[in-house]
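1. model this:
(chains A and B)
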2 protein chains.
Amino acid sequence: MDAPMRKLIVVAGATALLAAAITAAAVKPEAAIHYRQSVYTMIGWNFVPMVDMIKNKTPWDSAEFSKHADRIAFLAPQLLEGFPEGSDKGADTEAKPEIWKNMDDFKSKMSDLVRETKNLSDIAKGGDEAKTREQFKKTAGACKSCHDKYRSEE
Amino acid sequence: MDAPMRKLIVVAGATALLAAAITAAAVKPEAAIHYRQSVYTMIGWNFVPMVDMIKNKTPWDSAEFSKHADRIAFLAPQLLEGFPEGSDKGADTEAKPEIWKNMDDFKSKMSDLVRETKNLSDIAKGGDEAKTREQFKKTAGACKSCHDKYRSEE
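-> This next block holds a predicted model:
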């Protein structure tokens, strides 16, 4: 094999490696949409038994409440990575395009959610029902504040 | 108001409360299916960057690997509640009906997954790449063992 050919193969190899790295790093919009919807579904699944206790549909159970609060506190920080640039379309989504036009504000609302869910998890561990109820309101408020502005519910 | 009417209202009220309690407790099959698929989606989302490192498509990054391993260890124990009795149908699902005919075996496979993901999370924290790679194989094996038997991939 002559030198130019060897060089060509080396370059081709490096290009293939680079392409693989880019493929590995890039996330398809539909995958991101599917992912973020999954995080919201899991949050919702854990919200239901909490809301049932808050509304006295089921008896108050501090341990159960705490378990679900822990999960939501773990899930909330995983939402943001489901909103990469370009994932405003690509599959059915209730996320408004305004998110990507106001990413700093959206991130700030996500930080509020992370903080309030963390507080809820901490307070629920304490087992004080009244304080937990109070913090639940703040947490639900953080959800609503973002949904009102950035979620299309048509 | 006469006595029978009062009694009727009391009974109606109690029935409504009971109905609310049952509604709160019962999970619709489609909600369970949607929930469990969301847990799997989140697990898959976190698996991708780990697999990319395992296959040397991206450079090894212990902290990143550990982050994803932690998440999977947190998610795995939340799968089982997505398989309540009666959720073998109700929406598109890849879960084979055999799951509910062999629930003890299915639970045992879920326990294997929970154990291996917990081990992966612990070992990844240690930062030893070779040990982490070894434990990743065991974890992926726990996934495969259950998929082979209980997941329809048609």
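
2. from the chain's centroid, how far away is the lengthiest helix in chain A?
-> Taking DSSP state H as the criterion, chain A has its longest helix at helix A:29-54. Centroid separation for helix A:29-54 versus its chain: 9 Å, with Cα atoms, centre = their mean, to the nearest Å.

3. and A:Pro84, that one's in a strand?
-> No. A:Pro84 is assigned coil when assessed by DSSP: H, G, I helix; E, B strand; the rest coil, not a strand.

4. per-residue pLDDT, it?
-> For A:Pro84, the model assigns a pLDDT of 97.

5. cool, the one 4 residues further on as well?
-> Confidence at A:Asp88, expressed as pLDDT, is 96.

6. over to the one 5 residues further on?
-> You'll see A:Thr93 listed with a pLDDT of 96.

7. for A:Asn102, same thing?
-> 98.

8. count of residues packed around A:Thr58?
-> A:Thr58 sits with 17 neighbouring residues when counted by other Cβ atoms under 10 Å in any protein chain shown. For glycine as for every other residue, the C-beta is placed from the backbone atoms N, C-alpha and C.

9. with adjacent residues omitted, what lies nearest to it?
-> Spatially, and ignoring its direct neighbours in sequence, A:Thr58 is nearest to A:Asp52 (4.4 Å; Cβ to Cβ, 6 or more residues apart in numbering or on different chains).

10. A:Ser38 versus the one you found, what's the distance?
-> Separation of A:Asp52 from A:Ser38 (Cβ to Cβ, to the nearest Å): 22 Å.

11. higher neighbour count, those two?
-> Between A:Asp52 and A:Ser38, counted using other Cβ under 10 Å, A:Ser38 has the larger neighbour count: 24 against 18.

12. I figured that one hits B:Ile43, correct?
-> No. The pair A:Ser38 / B:Ile43 is not scored as a contact, 9.5 Å apart, by Cβ atoms under 8 Å.

13. low-confidence regions, chain A specifically.
-> Within chain A, the segments meeting pLDDT under 70 span A:1-25, A:154.

14. so A:Trp60 is in which element?
-> Following DSSP states H and E, there is no helix or strand that holds A:Trp60.

15. pretty sure the residue nearest to A:Thr58 is touching A:Asp61, no?
-> No. Look at A:Asp52 against A:Asp61 with Cβ under 8 Å: they stay out of range, at 10.0 Å.

16. which residue ranges of chain A form helices?
-> Applying DSSP H to chain A gives helices spanning A:3-25, A:29-54, A:62-75, A:98-101, A:103-126, A:129-150.

17. pull the residues that contact the fourth one.
-> Under the criterion Cβ atoms under 8 Å, 6 or more residues apart in numbering or on different chains, residues A:83, A:85, A:88, A:106, A:149-150 lie in contact with helix A:98-101.

18. buried subset of those?
-> The neighbour-count test (16 or more other Cβ atoms under 10 Å in any protein chain shown) marks A:83, A:88, A:106, A:150 as buried among the contacts of helix A:98-101.

19. phi, psi for the second one please.
-> I take that to be A:Asp88. The phi/psi pair for A:Asp88 (degrees, to the nearest 10) reads phi -70, psi -20.

20. skipping its backbone neighbours, what lies nearest it in space?
-> Among residues not flanking A:Asp88 along the chain, A:Pro97 sits closest, at 4.7 Å (Cβ to Cβ, 6+ apart).

21. ok, now A:Pro77?
-> Leaving out its chain neighbours, the residue that sits closest to A:Pro77 by Cβ to Cβ, 6+ apart is A:Val114, at 5.1 Å.

22. circling back: closest one of the buried ones among the contacts of helix A:98-101 to chain B?
-> Closest approach to chain B among these (Cβ to the nearest Cβ): A:Phe83, at 13.2 Å.

23. isn't that closest one up against A:Ala95?
-> Yes. In this structure, A:Phe83 is within contact of A:Ala95 by Cβ under 8 Å, at 6.9 Å.

24. spit out the residues that contact these two alike.
-> When contacts are counted by Cβ under 8 Å, 6+ apart, A:Phe83 and A:Ala95 are jointly contacted by A:Arg36.

25. so who does the one residue sitting closest to the centre of chain A touch?
-> Nearest residue to the geometric centre of chain A (Cα atoms, centre = their mean): A:Leu79, 1.2 Å. Each residue near A:Leu79 by Cβ under 8 Å, 6+ apart is listed here: A:36, A:39-40, A:110, A:113.

26. mind running it again at 7 Å?
-> A:Leu79 makes contacts with A:36, A:39, A:110, as judged by Cβ atoms under 7 Å, 6 or more residues apart in numbering or on different chains.

27. could you dump those into TSV and include distance to B:Lys101?
-> Listed next are the contacts of A:Leu79 as TSV, based on distance: Cβ to Cβ, whole Å:
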residue	distance to B:Lys101
A:Arg36	35
A:Val39	32
A:Met110	43
